[in-house]
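# Below is the structure, and that's it, no one-letter string:
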């Protein structure tokens, strides 16, 4: 009968159990056994989740969305008013280079507002809400809105250009842009929520498969 050496406190090797003679497994070893071998490798660090946006980020996003949307509306309105002032006759169209540049810049800024939904959907939501409210006033109450706009903003120098901008606004351009931005924010919110649901489902599936 072999004699078993007593276990020393400073001995790092685990002590065999009396019932089975097998080596006892510590909780730390059990946790390490469940990890992937690559997780312990410094070359393959643990994956980090994407950053989330807090309340402060949503407030900043709303401000950014409103400012950028108003900038896009100004650029679009100024560019379209110049193109409209150049006129389109029966025989020829008189293009306005600056008007085309302004419209292009306005469209790019509006596209940037929609794209920033990947950061937080508050950006296109806030901008779209402002554009919808402003555009609805010109689209559904054009006479009253035009009268008040001329009374507040018209001068002898800008009266013609202002009337062209009002004409563009009454066609529904501002209202349409607002709906598009609201749809972009709503779509980004649904995609993010869908991604969270899919990720949770995969985690549950992986956990249940590992317990079998």
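Yes, it's here. Computed from a prediction, not measured in an experiment: that's the story for all the values here. Numbering: from 1, shown residues only.
# Sketch out the helices for the protein, chain order is fine.
Remark: helices assigned in the chain by DSSP state H are 27-34, 55-86, 97-115, 122-140, 142-153, 159-170, 173-211.
# highest average neighbour count across those helices?
The highest mean neighbour count among the helices of the chain, using mean count of other CB atoms under 10 Å, belongs to helix 122-140: a mean of 22. All C-beta spots, glycine's among them, are computed from the backbone N, C-alpha and C.
# who touches residue 102 in this structure?
75, 76, 78, 79, 82 (CB atoms under 8 Å, 6 or more residues apart in numbering).
# Mean pLDDT added to the helices of the chain, as CSV?
Shown next, in CSV, are the helices of the chain (pLDDT from 0 to 100):
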stretch, mean pLDDT
helix 27-34, 49
helix 55-86, 89
helix 97-115, 94
helix 122-140, 94
helix 142-153, 91
helix 159-170, 89
helix 173-211, 81
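# mind listing what the spatially closest residue to residue 136 that is not a sequence neighbour touches?
Leaving aside its sequence neighbours, residue 136 sits nearest to residue 175 (CB to CB, 6 or more residues apart in numbering; 5.7 Å). By CB under 8 Å, 6+ apart, residue 175 lies in contact with 131, 132, 135, 136, 138, 139.
# Distance to residue 121 added to those residues, as JSON lines?
Shown next, in JSON lines, are the contacts of residue 175 (distance: CB to CB, whole Å):
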{"residue": "131", "distance to residue 121": "16"}
{"residue": "132", "distance to residue 121": "15"}
{"residue": "135", "distance to residue 121": "20"}
{"residue": "136", "distance to residue 121": "21"}
{"residue": "138", "distance to residue 121": "26"}
{"residue": "139", "distance to residue 121": "25"}
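# Out of those residues, flag the one nearest to residue 184.
residue 131 (11.7 Å; CB to CB).
# what sits against the closest one?
Contact analysis of residue 131 by CB under 8 Å, 6+ apart lists 69, 73, 174, 175, 177, 178, 181.
# wait, the fifth one sits on residue 68?
Yep, that's residue 177 we're talking about. No - if you go by CB atoms under 8 Å, residue 177 and residue 68 don't touch, sitting 11.8 Å apart.
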